[in-house]
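# quick one: sequence plus predicted model below, questions after.
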Amino acid sequence: MPLLGCIADDFTGATDLAAMLVQNGMATVQTIGVPDGEMPEADAIVVALKSRTIPAADAVAQSLAAAEALLAAGATQLLFKVCSTFDSTAEGNIGPVADALMKRLGASIALVCPAFPTNARTVFQGHLFVGDKLLNESGMQHHPLTPMTDANLVRVMAAQTPGGVGLIPFAIVDQGAAAIRTAVAGLSDRDRRYAIVDAVTDTHLMAMGEAAARHPLLVGGSGIAMGLPENFRRAGVLPIRADAAALPPAQGLFAVLAGSCSRATLAQIGYARDQVPTLELDALATPDAAALTAQALAWMEGKLSASRPVVIAASAPPEQVAALQQKLGRDVAGALVEDAMARIARALVAAGVGRLVVAGGETSGAVVQALDVRSLRIGPTIDPGVPWTYAEPGGLHLALKSGNFGGRDFFLKAFA
Ligand SMILES: Nc1ncnc2c1ncn2[C@@H]1O[C@H](COP(=O)(O)OP(=O)(O)O)[C@@H](O)[C@H]1O
Ligand SMILES: O=C(O)[C@@H](O)C(=O)COP(=O)(O)O
């Protein structure tokens, strides 16, 4: 019976969260969507949705269905996993989904925090930083689907919900769990339904987790989960788990598929270009998924290996992304590239690829759905937030890399 039930708004985010929970001692399984049959046995279950950029009403319906299944399986607390860069559109979907989950749970207030200091995401005075840059100067202002042009999370969240949004600032968070609890009660008394919580260090995340022990719902990045396993251990319902990150051995050829246009992924492609066979598809010149797939298939002939990866990327810098979007519209452009990546993934697996890295959250969603993956067992972490996973059914080893995660050498390091 799961203690913690999680709903993730994309697939890379789900593996990021699952890795965080495993590292902190909870046996965790990630399911792709709500399972048809029984929920798997685990301390925590992460239901991965592809709901970050779909219409808000669909995101709400899918998230509520996931919540029902998790509650029916016995989950005592829910966590809505959103991006550490708070990726959302003008229509949502963080606010509408959080509102619906709050209503379902009868919750009066929820903590909201995307901070993940290990990956340089910090929140100070309600403002989200990526490294030393405000969110809206971090490259995220150019994101193809969810351009983030405001770093003030109180304002961003308030624009997505009729519920009042308050702030628990650094000065309080730094005093620890009791001070946070008092501040939450104060905000709740003033009819705030969400509290954006500052966090600059893991100590802040641990205090936030402790303060939220009795909260029915939390909303945040994987960092917000860091302190939760300790609550369950303290309550005597979670035994000490030995390392739960062992996977069956991997077999087969190596490949990387990149559909993320984030700065980190562009740098990783630049690094890989000089070291391993790298194909950079040009979706602007060939705006056709079948034709892009045919190009990739012809190129990979004779190049696949089990000693170094090949990299196939559709990723492009902001000007090129904008040009394709102008030609086709934002959603059609994204869907076209995702369709191509999904087809190429199927071809790679058919050609014997057994270890596949996918860069990009939406891209990973498209690939995982195309490969009919139902659940992922979480293995060792490659770089913070990105574990190897074992896909069932099928046994493919998959690493779903959030666009902005990983060092420059990630595409080689993953296979080292
Ligand atoms: N050259 C391109 N032009 C336009 N859109 C693109 C291009 N390459 C990829 N995309 C789209 O950009 C989106 C990137 O989102 P995602 O995969 O979630 O990456 P990230 O993890 O960086 O957010 C996807 O929908 C992908 O299909
Ligand atoms: O929290 C994060 O940053 C990640 O877990 C995540 O959700 C990233 O999404 P993508 O950048 O779209 O992969």
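That came in fine, so what should we check first? Just so we're clear, the structure is a prediction, and the values are computed from it rather than from any experiment. Ligands and ions are numbered 1, 2, ... in the order given.
# element containing the residue of the chain most remote from its centre, please.
When each C-alpha in the chain is compared with the mean C-alpha position (C-alpha atoms, centre = their mean), Gly302 comes out farthest, at 33.6 Å. In this assignment (DSSP states H and E), Gly302 forms part of neither any helix nor any strand.
# and the residue in the stretch 201-350 of the chain that ligand 2 sits nearest to, what does it touch?
Sorted by distance to ligand 2 under C-beta to the nearest ligand atom, the residues of the stretch 201-350 of the chain start with Gly221, at 4.1 Å. To be clear about C-beta, it is placed using only N, CA and C from the backbone, and glycine gets the same treatment. Residues in contact with Gly221 (C-beta atoms under 8 Å, 6 or more residues apart in numbering) are Gly13, Asp16, Leu17, Lys81, Val82, Cys83, Ser84, Cys113, Pro114, Ala115, Phe116, Arg121.
# before we move on, back to that, gap between the residue farthest from the centre of the chain and Val349?
As defined by C-beta to C-beta, to the nearest Å, Gly302 lies at a distance of 18 Å from Val349.
# same thing with Ala296?
Distance, Ala296 to Val349, by C-beta to C-beta: 13 Å.
# from ligand 1, how far off is Ala107?
Ala107 is 29 Å from ligand 1, where distance means C-beta to the nearest ligand atom, to the nearest Å.
# and the residue lying closest to that residue once chain neighbours are set aside, what does it touch?
Excluding its sequence neighbours, the residue lying closest to Ala107 (C-beta to C-beta, 6 or more residues apart in numbering) is Pro216, at 4.4 Å. With contact taken as C-beta under 8 Å, 6+ apart, Pro216 is in contact with Gln77, Leu78, Leu105, Gly106, Ala107.
# find the nearest non-adjacent residue to the first one, please.
Nearest in space to Gln77, with sequence neighbours left out and distances taken as C-beta to C-beta, 6+ apart, is Leu4 at 5.5 Å.
# check that neighbour and give its pLDDT.
Leu4 is assigned a pLDDT of 98 by the prediction.
# in the stretch 1-150 of the chain, which residue sits closest to ligand 1?
Here the residue of the stretch 1-150 of the chain nearest ligand 1 is Pro144; by C-beta to the nearest ligand atom that distance is 3.7 Å.
# ok, now the stretch 251-400 of the chain?
Across the stretch 251-400 of the chain, the shortest distance to ligand 1 (C-beta to the nearest ligand atom) belongs to Gly360, at 2.4 Å.
# can you check the stretch 301-416 of the chain too?
Across the stretch 301-416 of the chain, the shortest distance to ligand 1 (C-beta to the nearest ligand atom) belongs to Gly403, at 1.9 Å.
# so that residue touches Ser260, yeah?
Yes - with contact taken as C-beta atoms under 8 Å, Gly403 and Ser260 are classed as touching, separated by 3.3 Å.
# need the residues touching each of these two.
Common neighbours of Gly403 and Ser260 are listed as Ala359, Gly360, Gly361 (criterion: C-beta under 8 Å, 6+ apart).
# pull out the buried positions in stretch 369-378.
By neighbour count, and taking 16 or more other C-beta atoms under 10 Å as the criterion, the buried residues in stretch 369-378 are Gln369, Ala370, Leu371, Val373, Arg374, Ser375, Leu376, Arg377, Ile378.
# and this structure, which residues reach ligand 1?
If contact is defined as C-beta under 6 Å from any ligand atom, the residues of the chain in contact with ligand 1 are 143-145, 259-262, 265, 283, 314-316, 320-321, 324, 333-334, 337-338, 360-363, 402-403.
# which ones among the residues you listed are found in strands?
If you go by DSSP state E, these have nothing in strands.
# now the buried members of the residues you listed.
In those, burial by neighbour count holds for 143-145, 259-262, 265, 283, 314-316, 321, 324, 333-334, 337-338, 360-363, 402-403, counting by 16+ other C-beta under 10 Å.
# which ones, among the residues you listed, also lie beside ligand 2?
Contacts with ligand 2 within those, as defined by C-beta under 6 Å from any ligand atom: Gly360, Gly361, Ser402, Gly403.
# can you give me the strands for the stretch 151-300 of the chain?
Assigned by DSSP state E, counting those that start in this stretch, the stretch 151-300 of the chain shows strands spanning 164-168, 192-197, 217-220, 253-258, 278-280.
# turn those strands into TSV, including distance to Pro393, mean neighbour count and mean pLDDT.
Compiled in TSV, these are given as follows (distance: least, C-beta to C-beta, whole Å; neighbours: other C-beta atoms under 10 Å; pLDDT from 0 to 100):
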stretch	distance to Pro393	mean neighbour count	mean pLDDT
strand 164-168	43	22	98
strand 192-197	39	26	98
strand 217-220	31	26	98
strand 253-258	19	26	98
strand 278-280	29	17	98
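# for the ones you listed, give me CSV that also has distance to Arg241.
Listed next are these as CSV, based on distance: least, C-beta to C-beta, whole Å:
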stretch, distance to Arg241
strand 164-168, 31
strand 192-197, 27
strand 217-220, 21
strand 253-258, 30
strand 278-280, 39
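# so whichever residue of the stretch 1-150 of the chain sits closest to ligand 2, which of the three states?
Across the stretch 1-150 of the chain, no residue is closer to ligand 2 than Gly13, which sits at 2.8 Å (C-beta to the nearest ligand atom). Going by DSSP: H, G, I helix; E, B strand; the rest coil, the secondary structure assigned to Gly13 is helix.
# that one contacts Phe80, correct?
No - with contact defined as C-beta under 8 Å, Gly13 does not count as touching Phe80 (10.5 Å).
# that older thread, who's in contact with the residue nearest to Gln77?
Counting by C-beta under 8 Å, 6+ apart, Leu4 makes contact with 21, 26, 43-45, 75-79, 225, 228, 232.
# quickly find the element holding the residue nearest to Tyr271 when sequence neighbours are not counted.
Taking C-beta to C-beta, 6+ apart as the measure, Tyr271 lies nearest to Arg408, with 4.5 Å between them; neighbours along the chain are not counted. Using DSSP H and E, Arg408 sits within no helix or strand.
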